[in-house]
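**Q** I would like to see how this sequence folds:
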Amino acid sequence: MDLENQLLERLANAPEDILSDVALIEGLEATKKKVNDINYAVERGKDTEETIRDAREVYRPVAAEGALLYFQIILLYAINHMYQYSLDAFVAFFFKVGA
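**A** Residues are numbered from 1 along each chain as shown. Take a look at the predicted model:
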């Protein structure tokens, strides 16, 4: 934001021959470099976002299966209260189903 304000101020107060204002030219070059850096970072961010999305989709079926299994174990509470939130029962059932 400071770069933009400085550039606008220099443009507003520029002499008739803009090319003679060295600070203005340097400001334009700095702004251009900053814009290029930001555009590069945005592109890298898009690539990273795509990589993360693809990696997340690999685990989605496993997460759905685990959630289904967990809530089935929770429903066993209706049969016998000892099954409510029983991690041992969950793990035993998980490995029995996976085998």
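**Q** the residue nearest in space to the middle of the chain: helix or strand, and which one exactly?
**A** A centroid search over the chain (Cα atoms, centre = their mean) returns residue 49, at 5.7 Å, as the residue closest to the centre. Using DSSP states H and E, residue 49 maps to helix 22-75.
**Q** residue 41 and residue 53, how far apart?
**A** Separation of residue 41 from residue 53 (Cβ to Cβ, to the nearest Å): 18 Å. C-betas here are computed from N, CA, C, even on glycine.
**Q** again with residue 38
**A** Going from residue 38 to residue 53 by Cβ to Cβ gives 22 Å.
**Q** then residue 71?
**A** 26 Å.
**Q** next one: residue 26
**A** Distance from residue 26 to residue 53, counting by Cβ to Cβ: 41 Å.
**Q** what does residue 80 give?
**A** 42 Å.
**Q** do the same with residue 94
**A** Here the criterion is Cβ to Cβ. By it, residue 94 lies 27 Å from residue 53.
**Q** looking at these two, which is more packed in?
**A** Legend: neighbour count by other Cβ atoms under 10 Å for residue 94 and residue 53, higher for residue 94 (15 against 9).
**Q** and stretch 60-77, how far from the chain's centre?
**A** Chain-centre distance of stretch 60-77: 27 Å, with Cα atoms, centre = their mean, to the nearest Å.
**Q** kindly report the same for stretch 27-39.
**A** 24 Å.
**Q** list the buried ones in that stretch?
**A** For stretch 27-39, a neighbour-count test (16 or more other Cβ atoms under 10 Å) marks residue 27 as buried.
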